[in-house]
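**Student:** From the sequence below, what's the structure:
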Amino acid sequence: MIKAFDHYLKENLAKKTVPNISMAKSLLEKSEIRLKRINATKIHDNESSIIFEDLYECLREAAQSLMELYGFKPYSHEALVSFLNENKLLTMGKVNTLNNFRILRNNSVYKAEKISLNKCIEALEFAKLLLPEIKKKFKDLTNENPKII
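**Tutor:** Now for the predicted structure:
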């Protein structure tokens, strides 16, 4: 269960920092490159877990780019999800989907659980929808706050 973002700050699982615009831009660019690479790959069942992990990383990098604009650094993927939720940067449904992917990715990485081809394709479609949305939010945030750039 994702807790309030303040919990992650108190537990040093996220820290308030100075907004890091170059880091934010780099994270967003990396996420786009990662998605482009995945899009160019035919996904096979035997590699769906690895590609799913890459898709999650793509989503995490993009989401963290927004967090960097606000001047926060996550030391926990849960903290990132909590931040997105509390700041209403994504809808509740998208936050829940991202959190479910976080759990699946964690189980894949640390418990060697297989991610199905269908779940991998679902994550790919989600990433294709979410990345442009995050990119737009990034642009809106930096345009609304000219001092950020």
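**Student:** in whichever helix or strand residue 128 is part of, what's buried?
**Tutor:** Residue 128 is located in helix 117-144, with elements delineated by DSSP states H and E. Neighbour counts over helix 117-144 (16 or more other C-beta atoms under 10 Å) mark 117, 119-120, 122-124, 126-127, 130-131, 134, 137-138, 141-142 as buried. C-beta coordinates here come from the backbone N, C-alpha and C atoms, glycine included.
**Student:** closest to residue 70 among those residues?
**Tutor:** Using C-beta to C-beta, residue 141 comes nearest to residue 70 of the buried residues of helix 117-144, at 8.2 Å.
**Student:** The closest one contacts residue 68, doesn't it?
**Tutor:** No: with contacts counted by C-beta atoms under 8 Å, residue 141 stays clear of residue 68, the gap being 10.4 Å.
**Student:** Would you map the strands across this structure?
**Tutor:** For the chain, strands defined by DSSP state E occupy the ranges 14-16, 72-74.
**Student:** would you turn those strands into a markdown table with distance to residue 29?
**Tutor:** Formatted as a markdown table, the strands of the chain follow (distance: least, C-beta to C-beta, whole Å):
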| stretch | distance to residue 29 |
| --- | --- |
| strand 14-16 | 23 |
| strand 72-74 | 18 |
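**Student:** For residue 33, find the nearest of these.
**Tutor:** Shortest distance between residue 33 and those, using C-beta to C-beta, is found for strand 72-74: 20.8 Å.
**Student:** quick one: that closest one to chain centroid distance?
**Tutor:** Counting by C-alpha atoms, centre = their mean, to the nearest Å, strand 72-74 is centred 13 Å from the centre of its parent chain.
**Student:** same check, this time on stretch 3-18
**Tutor:** What separates the centre of stretch 3-18 from the centre of its chain is 17 Å, taken as C-alpha atoms, centre = their mean.
**Student:** Kindly report the same for stretch 26-36.
**Tutor:** 11 Å.
**Student:** Quick check: buried residues in that stretch?
**Tutor:** Counting neighbours by 16+ other C-beta under 10 Å, one finds that the buried residues in stretch 26-36 are 27-28, 31-32, 34-35.
**Student:** mind listing what's buried in stretch 79-93?
**Tutor:** Per 16+ other C-beta under 10 Å, stretch 79-93 contains these buried residues: 79-85, 89-90.
**Student:** Return the member of those residues nearest to residue 106.
**Tutor:** Taking C-beta to C-beta as the measure, residue 81 is the one of the buried residues of stretch 79-93 closest to residue 106, at 11.8 Å.
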